[in-house]
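Undergrad: Any chance you can model this:
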Amino acid sequence: MERRRRTVALIVAAALAFVPVVTADPAAAAPVTGDGLRPGQEYSAFIITPEPAAAAGTARTTVIGRALKAGRGVDAVRTLATGGELVRVKEPLPAAAARALMEGIAATPGVASVEPDLTVTRTSTPRDPRYGEQWPLWQVYPQTDTAFRADEAWDAGADGAGVTVAVLDTGIRPHADLAPALVPGYDFIADPANTADGDGRDADALDPGDWNDEGDCGATAFSPSSWHGTHIAGIIGAARDNGLGIAGIAPHAKVQPVRVLGTCGGRDSDIADAIVWASGGPVPGVPANPTPAGVINMSLGGRGPCGPTVQAAVDKATARGATVVVSAGNAAEDAAGYHPANCAGVVTVGATGDDGYLASYSNHGDTVEVAAPGGWGYWRDYDPAHRILSTVDAGARGPAGDSYAVMRGTSQAAAHVSGAVALMLSRRPGLPPAEVGDHLRRNARALPLGGGWYNSPHPIGGGLVDVARTVHDVTGSPGGECTVCAGTAAIVDITVPPDTPGTVHLAGTVSGLGTGRPDWDPAATPAMRYVRTSWDGTATPAWRVQLAGTTPGITVAYKLTLGDWTHVEKARDCTATPDRALTLPADGTAWAYATVENWNGVSACAAAPG
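TA: Okay, here's the model as predicted:
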């Protein structure tokens with residue numbers, strides 16, 4: 001579909017015609033939330049919130065009417081779910097004129113606050129084709145002694161069942177890996193010029209694409225559709241064990257698409273209504289949500305304060321029991337300057353790379369509660385193996401079919417935490433949002449601080465979320481429901497011959513790890529294939545086994561096989577090799593390195609029982 005360019009020529013004289021006439025004593029004026037106004041930007045929409053005594057009926061009509069008169073050329077658009085009134089000027093205003101307009105309206109008796117309707121955007125950048133693995137679900141980071149450990153949470157019986165996660169984003173595509181999880185959502189983008197589907201609000205939350213041609217939304221070149229909402233949804237709720245692509249963190253949760261980001265981002269007024277609706281609250285002119293969400297994911301953000309409208313929406317959602325998870329932002333700055341990350345009552349999430357340290361692009365600071373995997377920064381910036389794999393559409397503009405791709409950002413980190421919260425709620429339904437945040441922070445693994453490019457000096461809340469520890473804490477189950485809550489783990493990195501024909505397995509005294517498998521079962525523990533990247537960027541195919549034990553200090557004897565004793569490792573001269581051994585630490589992670597020269601039946605050795 002052809003879309004018109006969204007450029008507006010601004011004539012300063014015309015803009016100043018909309019500067020208000022002050023009609024009341026400025027000393028008694030309501031607060032003006034103008035910290036989000038930036039020089040060089042233009043503003044056309046504002047939110048007026050009446051005082052509680054004038055929030056309804058004739059009193060409301062009188063207050064809004066006076067406010068509109070105070071700002072000449074201002075028209076009412078609609079009433080928001082928070083009680084505010086969205087208004088719009090006929091031509092966009094520069095920051096100084098916008099502030100003057102707001103100050104004039106704020107002087108109107110009965111007005112509680114005035115704020116600009118700020119714009120937010122998605123907080124990750126799509127890049128590169130499908131490649132790599134879902135390292136956040138299993139990888140342990142020895143440098144920081146941390147791990148996200150979604151796989152251990154699954155072993156504890158947490159799967160997201162009974163929980164709905166609302167994804168406030170670009171909408172969603174009915175990807176085959178996502179379709180079983182989807183429940184009806186809603187498109188809250190009110191401005192048809194920002195939708196790419198040619199209409200305003202409706203019950204169709206499908207993502208039509210958010211591409212931009214040169215000149216659209218300030219773009220200097222063509223920008224393909226991101227399919228950002230589908231990527232976020234896949235991280236949270238893609239089906240597991242269905243023979244397709246990836247596994248979501250909460251594979252039995254329901255995912256509700258709520259469209260708030262269009263071709264030029266999204267507006268606070270739309271997002272506020274969407275937050276209220278997603279939590280089950282009423283929104284004027286919108287049907288009730290039949291499946292209210294227990295978790296609301298907002299992988300989006302923009303500069304500026306958390307205005308009273310968005311804050312009121314968050315307050316309404318949390319009062320209904322919904323946990324609101326927000327990305328911290330990707331500007332490598334203090335998250336306190338970005339909304340809705342700086343709203344009260346939300347879980348603000350920073351990003352780590354696949355080394356466990358704070359990612360170079362992630363916002364940080366005291367506003368951030370926790371961190372989660374978002375993808376690497378620094379010299380691996382363009383290496384897809386270190387980003388987050390999830391579901392997308394293949395189209396550069398409109399939909400073209402199911403696909404997978406990697407992205408990085410605090411958007412992806414927030415999605416990991418939303419999935420973790422769904423796991424928590426599936427094990428303990430009704431857990432209040434404040435307690436959800438407390439459990440996440442208390443059980444997170446603190447990240448070391450320091451200088452230099454590798455070890456960030458910036459604080460990032462409680463540290464990296466440990467899903468297994470958190471689920472164990474939430475349930476309070478005695479007997480160690482979480483097998484690695486003490487932080488005891490070991491990693492075996494395996495180098496094998498290039499002609500290795502199949503999956504590598506570790507066999508040995510694995511019963512001592514609490515696996516329930518018999519000792520020396522040749523198919524006991526399959527390794528995961530990954531790509532090892534050295535300091536100079538050299539990529540080497542490799543295998544990795546992660547072990548976790550219930551008894552710190554236990555020693556495991558093992559050999560490596562291809563899943564059966566016919567293919568057990570041998571020395572280069574085809575003689576049997578001695579058992580390997582590793583000892584789990586009292587706390588933390590131990591690393592072992594195994595090099596296999598020959599497999600029984602591969603290379604120079606003839607097939608024979610091992």
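Undergrad: in this structure, which spans are helices?
TA: 12-16, 57-70, 95-106, 150-155, 228-237, 268-278, 308-319, 410-427, 433-443, 467-475 (DSSP state H).
Undergrad: Reformat those into a markdown table and put mean neighbour count next to each item.
TA: Any C-beta I mention is one placed from the backbone N, CA and C, and that applies to glycine too. Below are the helices of the chain laid out as a markdown table (neighbours: other CB atoms under 10 Å):
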| stretch | mean neighbour count |
| --- | --- |
| helix 12-16 | 13 |
| helix 57-70 | 17 |
| helix 95-106 | 22 |
| helix 150-155 | 24 |
| helix 228-237 | 32 |
| helix 268-278 | 30 |
| helix 308-319 | 23 |
| helix 410-427 | 31 |
| helix 433-443 | 19 |
| helix 467-475 | 25 |
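Undergrad: Identify whichever of those lies nearest to Ile249.
TA: helix 410-427 (2.8 Å; CB to CB).
Undergrad: From what I see, Asp315 and Val346 are in contact.
TA: No: taking CB atoms under 8 Å as the definition, Asp315 is not a contact partner of Val346, at 10.4 Å.
Undergrad: re the thing from before, tell me which of the helices of the chain approaches Gly83 most closely.
TA: When those are compared by CB to CB, helix 308-319 sits nearest Gly83, at 7.1 Å.
Undergrad: Just the residues contacting the closest one, thanks.
TA: Contacts with helix 308-319, where a contact means CB atoms under 8 Å, 6 or more residues apart in numbering, come from 31, 33, 47, 49, 80-84, 112-113, 115, 268-269, 271-273, 275-276, 278-279, 281, 296, 306, 324, 339-340, 343-346, 433-434.
Undergrad: repeat that for 7 Å
TA: Identification of contacts with helix 308-319 by CB atoms under 7 Å, 6 or more residues apart in numbering yields 33, 47, 49, 80-82, 84, 113, 115, 268-269, 271-272, 275-276, 279, 281, 296, 324, 339-340, 343-346, 433.
Undergrad: Same check on stretch 502-513?
TA: Contacts of stretch 502-513 (CB under 7 Å, 6+ apart): 492, 494, 496, 517-527, 543, 545, 547-549, 551, 554, 556-563.
Undergrad: The same query, at a cut-off of 8 Å, please.
TA: Outside stretch 502-513, the residues that touch it by CB under 8 Å, 6+ apart are 483, 492, 494, 496, 517-527, 529, 543, 545, 547-551, 554, 556-563, 567-568, 579-580, 596.
Undergrad: ok, of the residues you listed, which come out buried?
TA: The neighbour count (16 or more other CB atoms under 10 Å) marks 483, 492, 494, 496, 520-522, 524-525, 527, 543, 545, 547-550, 554, 556-563, 567-568, 580, 596 as buried among those.
Undergrad: So which of those are in strands?
TA: By the criterion of DSSP state E, membership of those in strands covers 492, 494, 525, 543, 545, 547-548, 556-561, 580.
Undergrad: Out of those residues, the closest to Ala415 would be?
TA: Ala548 (24.3 Å).
Undergrad: In terms of pLDDT, where does the closest one sit?
TA: pLDDT, Ala548: 68.
Undergrad: Equivalent analysis for Val12, please.
TA: 24.
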